[in-house]
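Asks: Got a predicted structure here, sequence first:
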Amino acid sequence: MKIKEIVDALEQFAPLPLQDGFDNAGLQIGLTDAEVTGALLCLDVTEAVLDEAIGQGYNLVISHHPLIFKGYKSITGKDYVERCILKAIKNGIVIYSAHTNLDNAQGGVNYKIAEKIGLKNVRILEPKDDGVQAGAGAIGELEKEEDEKKFLERIKQTFEVKCLRHNRWNQRLIKTVALCGGAGAFLITSAIRQHADVFITGEIKYHDYFNYDSEILLAEIGHYESEQYTQEIFYQLIRDLFPNLAVKQTKVNTNPINYL
């Protein structure tokens, strides 16, 4: 089986035109006409992840966050990105990334977050304007209302959050939940317009906590924590279409943030 077959399947699920303008999703390193020996799934490409792929004998790494964002005039190994590039090429590893195209795809990253929370009637929070069933964030409803504190305690446990940040309590009952994986604070106003009781995302700016404290409960759970289950999307897609392919989720925790 060629790596191209897997890439084609990924791009059918999350077409590259869905990615945001700043992004660099798609093939990062390597040639897709190579025969695939196995696929390792990750949120971020790091040297430890590549070492894991090499140890497994896998020649395909599929990540959510692209390894390469900027242009390079030289590759000398001066930072982790350049070292990963060198290591991947030396070991014949293809790197493919599905980033904001997977965020914006129906059934993508935000739908996986909604599934973990237990939402029903999930739909896109801010649809694209061109009529495509895709866009930023997601919104849905809980089966039953929950006390705001108990709800956030459940979120903290579900996403293994070491430090969940939120604005002040307002004695809300949580029913309608809006969310966005990663840095999704740009969608706060969309969540308010759609009468969400809470907005959950990975990163929120300091002053947003002042600006919206009476309108909506804000919950910041961490970028990595919010998107960690993205690997499950890759895994299920590949398992369904290529049941005989060796595929694993990385055992490496690539979160660069540590908590004291």
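Replies: Alright, I've got the coordinates.
Asks: where along the stretch 51-200 of the chain do the helices fall?
Replies: Secondary structure of the stretch 51-200 of the chain by DSSP state H, counting those that start in this stretch: the helices cover 80-90, 100-104, 109-117, 148-158, 188-193.
Asks: Just send those helices back as a markdown table, with distance to Leu18 too.
Replies: For the C-beta atoms, the positions are set from N, CA and C on the backbone; glycine is no exception. Formatted as a markdown table, the helices of the stretch 51-200 of the chain follow (distance: least, CB to CB, whole Å):
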| stretch | distance to Leu18 |
| --- | --- |
| helix 80-90 | 24 |
| helix 100-104 | 4 |
| helix 109-117 | 12 |
| helix 148-158 | 27 |
| helix 188-193 | 18 |
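Asks: Need the winner for burial among the ones you listed.
Replies: helix 100-104 (a mean of 25; mean count of other CB atoms under 10 Å).
Asks: What helices and strands are in contact with that one?
Replies: With contacts taken as 3 or more CB pairs under 8 Å, 6 or more residues apart in numbering; DSSP states H and E, helix 100-104 sits against helix 109-117, strand 135-147.
Asks: Including distance to Leu50, could those go into JSON lines?
Replies: Output for those, formatted as JSON lines (distance: least, CB to CB, whole Å):
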{"stretch": "helix 109-117", "distance to Leu50": "23"}
{"stretch": "strand 135-147", "distance to Leu50": "31"}
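Asks: now the ones you listed as JSON lines including distance to Ile233 and mean pLDDT?
Replies: What follows is the helices and strands packed on helix 100-104, written out as JSON lines (distance: least, CB to CB, whole Å; pLDDT from 0 to 100):
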{"stretch": "helix 109-117", "distance to Ile233": "6", "mean pLDDT": "98"}
{"stretch": "strand 135-147", "distance to Ile233": "13", "mean pLDDT": "98"}
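Asks: what's the closest of those to Cys163?
Replies: helix 109-117 (18.4 Å; CB to CB).
Asks: Between helix 148-158 and that closest one, find me the angle.
Replies: For helix 109-117 against helix 148-158, the angle by axes from the mean of the first three to the mean of the last three CA atoms, to 10 degrees is 110 degrees.
Asks: how about the CA coordinates for helix 109-117, as PDB?
Replies: Extracted as PDB, the C-alpha positions of helix 109-117 are listed here (Å, rounded to 0.1, in the frame of the first residue of the first chain):
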ATOM      1  CA  VAL A 109     -11.400  18.100  16.000                       C
ATOM      2  CA  ASN A 110     -14.300  20.000  17.600                       C
ATOM      3  CA  TYR A 111     -16.700  17.200  17.000                       C
ATOM      4  CA  LYS A 112     -14.400  14.900  18.900                       C
ATOM      5  CA  ILE A 113     -14.200  17.400  21.800                       C
ATOM      6  CA  ALA A 114     -18.000  17.600  21.800                       C
ATOM      7  CA  GLU A 115     -18.200  13.800  21.800                       C
ATOM      8  CA  LYS A 116     -15.900  13.600  24.900                       C
ATOM      9  CA  ILE A 117     -18.100  16.200  26.700                       C
END
